[in-house]
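Asks: the sequence and its predicted three-dimensional model are supplied below.
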Amino acid sequence: MTDDSLRGPAKRGSGTRLTALIVACSLFMQGLDGTIIATALPAMSETLGARPADMSLALIAYLLSLTICIPASGWIADRFGACTVFRAAIILFTLASVLCGRADSLAFLAAARALQGAGGAMMLPIGRLVLLRRAPRHEYVTAMAWLSTPAML
């Protein structure tokens, strides 16, 4: 999946399902990561030695980063190419997830969550853009179904 292949009209048998499943996996990762921390906050606060109320900083850092970066995602995709930015977003999100797991303080966790939010902000809208550019028009509904099903499960 190269950016050049996205510029021209999509060809029959272009791997729409595979692209949809890749984007769906990123959607699932982003959705899970955005909510799962709320259930783990009490245990995390104990491990990090922070008050449970202060742990909301990790939630806020993620959501604020997500909110700031989503509007910029379209411009970034146009500037650097949708596939390139989508790949970079997955890498950033994954590396930030590893950093979250290695966090030994609330400040480090909040910074890692902010990076995670930036990656997540780029994954979802740009992933959909990649999918719609890759799928032939007659496969849009099928592509969106393949995209939505894993996230709904």
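Replies: On my side now, so go ahead. These figures come from a predicted structure and were not determined experimentally.

Asks: what ranges does this protein have for its helices?
Replies: 3-7, 16-48, 56-80, 82-102, 106-134, 140-152 (DSSP state H).

Asks: list the buried residues of the third one.
Replies: The one in question is helix 56-80. Buried residues in helix 56-80, defined by neighbour count with 16 or more other C-beta atoms under 10 Å: A58, L59, A61, Y62, S65, L66, C69, I70, S73, I76, A77. Glycine gets a C-beta too; all of them are placed from N, C-alpha and C.

Asks: circling back to that earlier point, can you list the helices of the chain in JSON lines and add mean pLDDT?
Replies: As requested, these are exported to JSON lines (pLDDT from 0 to 100):
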{"stretch": "helix 3-7", "mean pLDDT": "47"}
{"stretch": "helix 16-48", "mean pLDDT": "82"}
{"stretch": "helix 56-80", "mean pLDDT": "92"}
{"stretch": "helix 82-102", "mean pLDDT": "94"}
{"stretch": "helix 106-134", "mean pLDDT": "91"}
{"stretch": "helix 140-152", "mean pLDDT": "78"}
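
Asks: hey, which of the ones you listed is tucked in deepest?
Replies: Among these, the stretch with the highest mean neighbour count (mean count of other C-beta atoms under 10 Å) is helix 106-134, at a mean of 22.

Asks: so what does that helix touch, helix or strand wise?
Replies: helix 3-7, helix 16-48, helix 56-80, helix 82-102, helix 140-152 (3 or more C-beta pairs under 8 Å, 6 or more residues apart in numbering; DSSP states H and E).

Asks: okay, these in TSV with distance to G127 next?
Replies: Written out in TSV, the entries for these read as follows (distance: least, C-beta to C-beta, whole Å):
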stretch	distance to G127
helix 3-7	12
helix 16-48	4
helix 56-80	10
helix 82-102	6
helix 140-152	8
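
Asks: who wins for proximity to A110 among those?
Replies: Comparison of the helices and strands packed on helix 106-134 against A110 by C-beta to C-beta identifies helix 56-80 as nearest, at 4.2 Å.
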